[in-house]
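Chemist: structural data only, the sequence is not supplied:
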């Protein structure tokens with residue numbers, strides 16, 4: 001039995017698309033391990049719920065950071081679990097298309113391909129995330145027309161201008177929504193002497209985080225641990241101070257957009273001025289980020305219809321039209337057994 005899968009192996013979330021079925025899996029890229037026995041206890045949402053709530057010997061591991069594999073063995077086990085949940089077994093002939101950051105190094109490419117091969121893939125291909133996002137958003141990337149995609153993930157921000165089926169200019173920084181969460185944690189610890197966890201920092205970002213002043217400036221009530229007394233403490237954060245806390249990360253993302261624009265041929269810049277640019281990825285949903293980009297570049301910014309799913313949906317389109325769109329895949333990075 002053959003099975004074609006597209007996998008968006010993200011720092012924050014992993015999505016799986018099965019040919020003929022659509023998205024069949026959307027889970028946090030987390031595995032919970034028993035550090036004594038190295039047994040995998042859970043993955044995805046269940047493992048994410050364990051972060052900061054487990055005994056010392058149970059650890060929640062994120063095998064990818066900044067879009068790169070930081071733990072090869074855990075990544076391999078994660079892909080094997082994804083295959084199992086997707087109905088793949090050792091008798092299946094599985095063709096896999098994996099979405100990866102454009103700035104991936106040759107060493108990182110080999111690590112992804114090898115992890116997929118060892119997990120049971122019979123044929124593995126790679127596609128750059130901004131290209132997949134553009135296809136998923138329905139942009140006319142095969143035309144002689146400039147299309148800019150800003151893909152903000154958990155660990156990377158990638159800005160690509162695509163024309164005639166290829167990337168014309170690219171700028172990528174290893175800064176994403178996780179870095180915003182970390183800066184919120186650091187700010188609360190430094191300014192208020194309160195420790196908050198990774199999940200709480202994300203909740204603060206979603207509740208009151210913004211890159212630009214927005215109408216609904218809602219304050220965030222934060223519960224954490226007082227570092228002096230060790231006792232629970234409640235503080236209130238204003239949207240303005242959260243904006244200040246995350247400004248360094250937001251500025252780095254904006255700089256990537258500006259650098260990509262400077263690299264873009266003038267004719268394609270005209271297209272961008274006429275048609276605007278497109279924002280994808282979960283990190284791009286930060287309140288006011290689209291307005292901030294527009295203010296600093298003078299370009300219209302459109303948030304794609306399904307920003308969290310656009311990358312894997314684009315890869316799914318490639319699976320469904322494999323022979324027509326295989327030229328979109330990264331050159332010479334296919335591995336077969």
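Modeler: Thanks, I have it. Worth saying up front: this structure is predicted, and the values here are computed from it rather than measured.
Chemist: so the chain: which segments form each domain?
Modeler: 2-29+64-131+310-336, 140-175+249-303, 177-247 (automatic domain parsing).
Chemist: let me have those domains in CSV, extended by distance to residue 49 and mean neighbour count.
Modeler: Using the backbone N, CA and C atoms, a C-beta is placed for each residue, glycine as well. Output for the domains of the chain, formatted as CSV (distance: least, C-beta to C-beta, whole Å; neighbours: other C-beta atoms under 10 Å):
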stretch, distance to residue 49, mean neighbour count
domain 2-29+64-131+310-336, 9, 20
domain 140-175+249-303, 17, 20
domain 177-247, 9, 17
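Chemist: mean pLDDT and distance to residue 47 added to those, as CSV?
Modeler: Below are the domains of the chain laid out as CSV (pLDDT from 0 to 100; distance: least, C-beta to C-beta, whole Å):
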stretch, mean pLDDT, distance to residue 47
domain 2-29+64-131+310-336, 85, 7
domain 140-175+249-303, 94, 15
domain 177-247, 93, 12
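Chemist: all strands for the stretch 1-150 of the chain, in order.
Modeler: 2-9, 13-18, 22-28, 31-34, 39-43, 58-61, 64-65, 68-69, 93-100, 123-128, 147-152 (DSSP state E, counting those that start in this stretch).
Chemist: which strands border the fifth one, and is each parallel or antiparallel?
Modeler: Think strand 39-43. strand 31-34 (antiparallel) (DSSP bridges).
Chemist: next: the second one.
Modeler: Taking DSSP bridges as the criterion, strand 13-18 forms sheet pairs with strand 2-9 (antiparallel), strand 22-28 (antiparallel).
Chemist: circling back to that earlier point, of all the strands of the stretch 1-150 of the chain, which one is nearest residue 325?
Modeler: Closest approach to residue 325 among those (C-beta to C-beta): strand 123-128, 9.0 Å.
Chemist: can you name the residues in contact with the closest one?
Modeler: 94-102, 104, 109, 112-113, 116-117, 160, 167, 314-315, 318, 326, 328-330, 333-337 (C-beta atoms under 8 Å, 6 or more residues apart in numbering).
Chemist: quick one: the helices in the stretch 151-300 of the chain?
Modeler: 177-192, 198-208, 239-245, 247-263, 266-275, 289-297 (DSSP state H, counting those that start in this stretch).
Chemist: packing partners of the third one?
Modeler: This points to helix 239-245. helix 177-192, helix 198-208 (3 or more C-beta pairs under 8 Å, 6 or more residues apart in numbering; DSSP states H and E).
Chemist: show me the contacts for residue 208.
Modeler: Residue 208 touches 217, 218, 219, 220, 237, 238, 239, 242, counting by C-beta under 8 Å, 6+ apart.
Chemist: so residue 77 is in contact with residue 31, correct?
Modeler: Yes: when contacts are counted by C-beta atoms under 8 Å, residue 77 is listed as touching residue 31 (6.8 Å).
Chemist: shared neighbours of those two, which are they?
Modeler: Contacts common to residue 77 and residue 31, judged by C-beta under 8 Å, 6+ apart, are residue 40.
Chemist: that older thread, in TSV, list the helices and strands packed on helix 239-245 along with distance to residue 53.
Modeler: Converted to TSV, the helices and strands packed on helix 239-245 look like this (distance: least, C-beta to C-beta, whole Å):
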stretch	distance to residue 53
helix 177-192	16
helix 198-208	9
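Chemist: among those, which is nearest residue 56?
Modeler: From these, taking C-beta to C-beta, the stretch that ends up closest is helix 198-208, at 16.8 Å.
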